[in-house]
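Asker: Dropping a prediction and its sequence here:
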Amino acid sequence: MNSLHILALFLLINCSEAMGVEPSTLSSKEMADIPAGSYVPLYTKDKTPREVAAFRLDIVSVTQRQYLAFVEKHPRWQRSKVARLFADTSYLKDWKSDTDPGSDLDSPVTNVSWFAARAYAKHLGKRLPTVDEWEYVARADATQANATADEKYTAVILNWYSTRFVGPLPSPQSFPPNIYGIRALHGLIWEWNQDFNNAMVTGESRGDSGIERNLFCAGGALSATDVRNYAAFMRYAFRSSLKGNYTTANLGFRCAMDSVNHTKKQ
(Lines give C-alpha, C1' and ligand atoms only; values in the text may rest on other atoms or scores of the structure.)
Protein backbone atom coordinates (compact mmCIF):
# COMPACT_ATOMS: atom_id res chain seq x y z
CA MET A 1 0.00 0.00 0.00
CA ASN A 2 1.55 3.31 -1.06
CA SER A 3 1.45 6.58 0.85
CA LEU A 4 -1.53 7.93 -1.12
CA HIS A 5 -3.62 4.85 -0.24
CA ILE A 6 -2.69 5.19 3.42
CA LEU A 7 -3.64 8.88 3.44
CA ALA A 8 -6.98 8.14 1.73
CA LEU A 9 -7.79 5.42 4.26
CA PHE A 10 -6.87 7.71 7.16
CA LEU A 11 -9.13 10.48 5.85
CA LEU A 12 -12.00 8.06 5.23
CA ILE A 13 -11.92 6.63 8.74
CA ASN A 14 -11.54 10.00 10.42
CA CYS A 15 -14.36 11.56 8.39
CA SER A 16 -16.69 8.69 9.30
CA GLU A 17 -15.88 9.10 13.00
CA ALA A 18 -16.41 12.85 12.81
CA MET A 19 -19.90 12.24 11.41
CA GLY A 20 -20.67 9.78 14.19
CA VAL A 21 -20.62 6.83 11.80
CA GLU A 22 -18.87 3.59 12.70
CA PRO A 23 -16.09 2.73 10.18
CA SER A 24 -17.56 -0.79 9.90
CA THR A 25 -20.65 0.56 8.11
CA LEU A 26 -18.47 1.55 5.19
CA SER A 27 -18.04 -2.14 4.37
CA SER A 28 -20.26 -3.45 1.57
CA LYS A 29 -20.16 -6.94 3.12
CA GLU A 30 -22.76 -6.00 5.74
CA MET A 31 -25.36 -4.66 3.33
CA ALA A 32 -26.86 -5.52 -0.05
CA ASP A 33 -27.88 -3.10 -2.78
CA ILE A 34 -31.60 -3.38 -3.50
CA PRO A 35 -32.64 -2.13 -6.95
CA ALA A 36 -35.49 0.31 -7.45
CA GLY A 37 -38.84 -1.18 -8.34
CA SER A 38 -42.51 -1.19 -7.45
CA TYR A 39 -45.06 -3.31 -5.62
CA VAL A 40 -48.67 -3.13 -4.54
CA PRO A 41 -49.09 -2.98 -0.74
CA LEU A 42 -51.52 -5.41 0.85
CA TYR A 43 -53.67 -2.68 2.41
CA THR A 44 -54.59 0.09 0.01
CA LYS A 45 -57.64 1.39 -1.83
CA ASP A 46 -55.42 2.51 -4.69
CA LYS A 47 -54.16 -0.56 -6.56
CA THR A 48 -51.55 1.48 -8.44
CA PRO A 49 -48.07 -0.03 -7.85
CA ARG A 50 -46.05 1.96 -5.32
CA GLU A 51 -42.54 3.00 -6.34
CA VAL A 52 -39.64 1.93 -4.13
CA ALA A 53 -36.35 3.77 -4.66
CA ALA A 54 -33.06 1.90 -4.68
CA PHE A 55 -31.70 1.43 -1.16
CA ARG A 56 -29.31 -0.68 0.89
CA LEU A 57 -30.36 -3.27 3.47
CA ASP A 58 -28.46 -5.23 6.10
CA ILE A 59 -27.92 -8.78 4.91
CA VAL A 60 -28.82 -10.12 8.35
CA SER A 61 -30.64 -8.81 11.40
CA VAL A 62 -28.65 -7.13 14.18
CA THR A 63 -27.01 -9.66 16.47
CA GLN A 64 -26.47 -9.77 20.22
CA ARG A 65 -22.79 -9.09 19.63
CA GLN A 66 -23.48 -5.96 17.61
CA TYR A 67 -26.06 -4.64 20.04
CA LEU A 68 -23.70 -5.24 22.97
CA ALA A 69 -21.14 -2.95 21.29
CA PHE A 70 -23.86 -0.31 20.95
CA VAL A 71 -24.96 -0.33 24.61
CA GLU A 72 -21.35 -0.30 25.78
CA LYS A 73 -20.77 2.86 23.76
CA HIS A 74 -24.16 4.37 24.64
CA PRO A 75 -24.94 3.40 28.27
CA ARG A 76 -28.30 5.19 28.26
CA TRP A 77 -29.61 2.24 26.23
CA GLN A 78 -28.47 -0.35 28.75
CA ARG A 79 -31.23 -2.37 30.41
CA SER A 80 -31.06 -0.74 33.85
CA LYS A 81 -30.67 2.79 32.49
CA VAL A 82 -33.14 3.06 29.61
CA ALA A 83 -36.13 5.35 30.18
CA ARG A 84 -39.49 3.52 30.28
CA LEU A 85 -40.76 6.05 27.77
CA PHE A 86 -38.44 4.40 25.25
CA ALA A 87 -38.56 0.73 26.30
CA ASP A 88 -40.89 -1.30 28.49
CA THR A 89 -39.92 -3.57 31.39
CA SER A 90 -39.15 -6.52 29.09
CA TYR A 91 -36.34 -4.66 27.33
CA LEU A 92 -33.35 -7.03 26.99
CA LYS A 93 -34.87 -9.23 29.69
CA ASP A 94 -33.05 -12.28 28.32
CA TRP A 95 -29.65 -10.67 29.01
CA LYS A 96 -27.80 -11.64 32.18
CA SER A 97 -26.86 -8.03 32.92
CA ASP A 98 -26.52 -4.64 31.25
CA THR A 99 -23.47 -5.80 29.31
CA ASP A 100 -23.81 -9.57 29.27
CA PRO A 101 -26.16 -11.02 26.64
CA GLY A 102 -24.94 -14.54 27.34
CA SER A 103 -22.97 -16.87 25.13
CA ASP A 104 -25.13 -16.77 22.00
CA LEU A 105 -23.60 -13.63 20.57
CA ASP A 106 -24.40 -14.47 16.95
CA SER A 107 -28.11 -14.87 17.63
CA PRO A 108 -30.33 -11.93 16.62
CA VAL A 109 -30.99 -9.43 19.38
CA THR A 110 -34.65 -9.35 20.47
CA ASN A 111 -36.63 -7.70 23.27
CA VAL A 112 -35.59 -4.38 21.72
CA SER A 113 -37.99 -1.45 21.31
CA TRP A 114 -38.51 0.62 18.17
CA PHE A 115 -36.90 3.62 19.87
CA ALA A 116 -33.83 1.55 20.73
CA ALA A 117 -33.62 0.03 17.25
CA ARG A 118 -33.84 3.49 15.70
CA ALA A 119 -31.11 4.79 18.03
CA TYR A 120 -28.87 1.86 17.09
CA ALA A 121 -29.36 2.52 13.39
CA LYS A 122 -28.74 6.24 13.79
CA HIS A 123 -25.44 5.75 15.60
CA LEU A 124 -24.19 3.83 12.55
CA GLY A 125 -25.42 6.43 10.07
CA LYS A 126 -28.25 4.12 9.04
CA ARG A 127 -32.02 3.95 9.58
CA LEU A 128 -34.76 1.37 9.87
CA PRO A 129 -36.30 0.13 6.62
CA THR A 130 -39.78 1.38 5.78
CA VAL A 131 -42.67 -1.06 5.56
CA ASP A 132 -42.65 -0.60 1.78
CA GLU A 133 -38.94 -1.39 1.56
CA TRP A 134 -39.20 -4.41 3.87
CA GLU A 135 -42.24 -5.88 2.13
CA TYR A 136 -40.72 -5.23 -1.29
CA VAL A 137 -37.62 -7.29 -0.46
CA ALA A 138 -39.55 -9.87 1.57
CA ARG A 139 -41.52 -10.93 -1.53
CA ALA A 140 -38.38 -12.59 -2.89
CA ASP A 141 -37.21 -16.16 -2.61
CA ALA A 142 -33.93 -17.62 -3.83
CA THR A 143 -34.82 -17.33 -7.52
CA GLN A 144 -37.65 -14.80 -7.88
CA ALA A 145 -37.94 -11.13 -6.98
CA ASN A 146 -41.65 -11.69 -6.38
CA ALA A 147 -42.57 -15.18 -5.18
CA THR A 148 -45.85 -14.27 -3.50
CA ALA A 149 -47.90 -16.20 -6.06
CA ASP A 150 -45.91 -19.35 -5.25
CA GLU A 151 -47.81 -21.49 -2.73
CA LYS A 152 -44.57 -23.06 -1.49
CA TYR A 153 -43.19 -19.63 -0.61
CA THR A 154 -46.28 -18.77 1.48
CA ALA A 155 -46.42 -22.23 3.07
CA VAL A 156 -42.87 -21.89 4.40
CA ILE A 157 -43.69 -18.58 6.09
CA LEU A 158 -46.96 -19.81 7.58
CA ASN A 159 -45.24 -22.92 8.91
CA TRP A 160 -42.73 -20.69 10.70
CA TYR A 161 -45.55 -18.60 12.18
CA SER A 162 -47.00 -21.75 13.75
CA THR A 163 -43.77 -22.99 15.35
CA ARG A 164 -41.42 -21.79 18.08
CA PHE A 165 -37.68 -22.17 18.47
CA VAL A 166 -36.61 -24.22 21.45
CA GLY A 167 -33.46 -22.81 22.99
CA PRO A 168 -31.26 -20.02 21.57
CA LEU A 169 -32.16 -18.50 18.24
CA PRO A 170 -29.84 -19.62 15.43
CA SER A 171 -27.55 -17.18 13.68
CA PRO A 172 -29.24 -15.37 10.77
CA GLN A 173 -26.13 -16.21 8.75
CA SER A 174 -27.25 -19.85 8.81
CA PHE A 175 -30.27 -19.02 6.63
CA PRO A 176 -30.07 -19.15 2.82
CA PRO A 177 -30.03 -15.83 0.94
CA ASN A 178 -32.88 -14.64 -1.25
CA ILE A 179 -32.32 -13.33 -4.76
CA TYR A 180 -30.95 -10.05 -3.35
CA GLY A 181 -28.55 -11.78 -0.96
CA ILE A 182 -30.70 -10.96 2.11
CA ARG A 183 -30.99 -13.64 4.79
CA ALA A 184 -33.71 -14.57 7.29
CA LEU A 185 -36.41 -12.02 6.52
CA HIS A 186 -38.69 -14.98 7.17
CA GLY A 187 -38.23 -17.93 9.48
CA LEU A 188 -36.30 -16.40 12.36
CA ILE A 189 -37.76 -13.25 13.98
CA TRP A 190 -40.19 -10.42 13.30
CA GLU A 191 -38.52 -7.08 12.51
CA TRP A 192 -39.19 -3.44 13.32
CA ASN A 193 -39.89 -1.03 10.47
CA GLN A 194 -39.48 2.73 10.45
CA ASP A 195 -43.22 3.33 9.92
CA PHE A 196 -44.50 0.13 11.55
CA ASN A 197 -47.80 1.59 12.82
CA ASN A 198 -48.73 3.46 9.66
CA ALA A 199 -50.57 0.62 7.91
CA MET A 200 -54.03 2.13 8.27
CA VAL A 201 -53.13 5.72 7.42
CA THR A 202 -54.17 6.66 3.92
CA GLY A 203 -51.88 9.65 3.33
CA GLU A 204 -48.21 10.41 3.68
CA SER A 205 -48.42 11.78 7.21
CA ARG A 206 -49.29 10.04 10.46
CA GLY A 207 -51.46 13.04 11.16
CA ASP A 208 -53.70 12.05 8.26
CA SER A 209 -57.29 11.71 9.41
CA GLY A 210 -58.18 9.13 6.77
CA ILE A 211 -57.95 5.69 8.36
CA GLU A 212 -58.43 2.38 6.54
CA ARG A 213 -60.26 0.72 9.46
CA ASN A 214 -62.56 -1.16 7.10
CA LEU A 215 -59.65 -3.23 5.89
CA PHE A 216 -59.25 -4.78 9.34
CA CYS A 217 -62.94 -5.53 9.96
CA ALA A 218 -64.03 -9.05 9.00
CA GLY A 219 -65.19 -9.08 5.37
CA GLY A 220 -63.76 -5.61 4.87
CA ALA A 221 -60.40 -7.28 4.41
CA LEU A 222 -61.63 -8.40 0.98
CA SER A 223 -60.59 -4.91 -0.10
CA ALA A 224 -56.99 -6.03 0.32
CA THR A 225 -54.93 -6.45 -2.83
CA ASP A 226 -54.27 -10.18 -2.29
CA VAL A 227 -56.69 -12.02 -0.02
CA ARG A 228 -54.59 -15.21 -0.35
CA ASN A 229 -51.50 -13.64 1.24
CA TYR A 230 -52.22 -14.79 4.78
CA ALA A 231 -48.60 -14.31 5.82
CA ALA A 232 -48.74 -10.61 4.95
CA PHE A 233 -52.09 -10.24 6.76
CA MET A 234 -50.42 -11.53 9.93
CA ARG A 235 -47.46 -9.16 9.58
CA TYR A 236 -49.68 -6.11 9.13
CA ALA A 237 -51.87 -7.13 12.06
CA PHE A 238 -48.82 -7.62 14.27
CA ARG A 239 -47.32 -4.26 13.33
CA SER A 240 -50.58 -2.45 13.94
CA SER A 241 -50.71 -3.82 17.49
CA LEU A 242 -47.33 -2.40 18.46
CA LYS A 243 -46.21 0.77 20.22
CA GLY A 244 -42.75 2.27 20.02
CA ASN A 245 -41.64 1.17 23.50
CA TYR A 246 -42.92 -2.42 23.21
CA THR A 247 -40.46 -5.31 23.33
CA THR A 248 -41.07 -9.00 22.66
CA ALA A 249 -38.95 -12.13 22.60
CA ASN A 250 -39.34 -12.65 18.84
CA LEU A 251 -38.99 -9.06 17.63
CA GLY A 252 -35.67 -7.65 16.44
CA PHE A 253 -34.51 -5.49 13.55
CA ARG A 254 -32.08 -4.82 10.73
CA CYS A 255 -30.94 -1.51 9.27
CA ALA A 256 -31.21 0.23 5.92
CA MET A 257 -29.63 3.16 4.12
CA ASP A 258 -30.58 5.37 1.21
CA SER A 259 -28.76 4.57 -2.00
CA VAL A 260 -27.54 6.57 -4.97
CA ASN A 261 -27.65 3.38 -7.01
CA HIS A 262 -30.40 3.80 -9.61
CA THR A 263 -30.43 0.21 -10.77
CA LYS A 264 -32.98 -0.78 -13.40
CA LYS A 265 -36.32 -1.86 -11.93
CA GLN A 266 -37.07 -5.53 -11.44
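Answerer: Right, received. Where do you want to start?
Asker: any idea how far Y67 is from the residue found closest to Q78 once you drop the neighbours it is linked to in the chain?
Answerer: Spatially, and ignoring its direct neighbours in sequence, Q78 is nearest to D98 (4.0 Å; C-beta to C-beta, 6 or more residues apart in numbering). C-beta here means a position set from N, CA and C on the backbone, and glycine is covered the same way. Distance from D98 to Y67, counting by C-beta to C-beta, to the nearest Å: 12 Å.
Asker: What of V260?
Answerer: 28 Å.
Asker: Show me which of the two is the more surrounded one.
Answerer: Using other C-beta atoms under 10 Å, the more surrounded residue of V260 and Y67 is Y67, with 24 against 6.
Asker: Could you pull up the residues touching the more buried one?
Answerer: Neighbour list for Y67: P101, V109, V112, Y120 [criterion: C-beta atoms under 8 Å, 6 or more residues apart in numbering].
Asker: which stretches of the stretch 1-150 of the chain form helices?
Answerer: With DSSP state H, counting those that start in this stretch as the criterion, the stretch 1-150 of the chain has helices at 3-18, 64-73, 114-123, 131-138.
Asker: Quick check: which ranges of the stretch 51-200 of the chain have low pLDDT?
Answerer: By pLDDT under 70, the weakly predicted segments of the stretch 51-200 of the chain are 199-200.
Asker: mind redoing it with 80?
Answerer: Judged by pLDDT under 80, the stretch 51-200 of the chain has its weakly predicted residues at 161-167, 197-200.
Asker: Centre of the chain to stretch 163-178, how far?
Answerer: The chain centroid and the centroid of stretch 163-178 are separated by 16 Å, computed with C-alpha atoms, centre = their mean, to the nearest Å.
Asker: Outside of it itself, list whatever touches it.
Answerer: For stretch 163-178, using C-beta under 8 Å, 6+ apart, the contacting residues are 59-61, 63, 102, 104, 106-108, 110, 137, 140-142, 183-185, 187-189.
Asker: Only the buried residues of stretch 90-110, if you could.
Answerer: Neighbour-count burial for stretch 90-110, counted by 16 or more other C-beta atoms under 10 Å, picks out 90-92, 94-95, 98, 101, 104, 106-110.
Asker: ok, how many other residues are close to S174?
Answerer: S174 has 11 neighbouring residues, counting by other C-beta under 10 Å.
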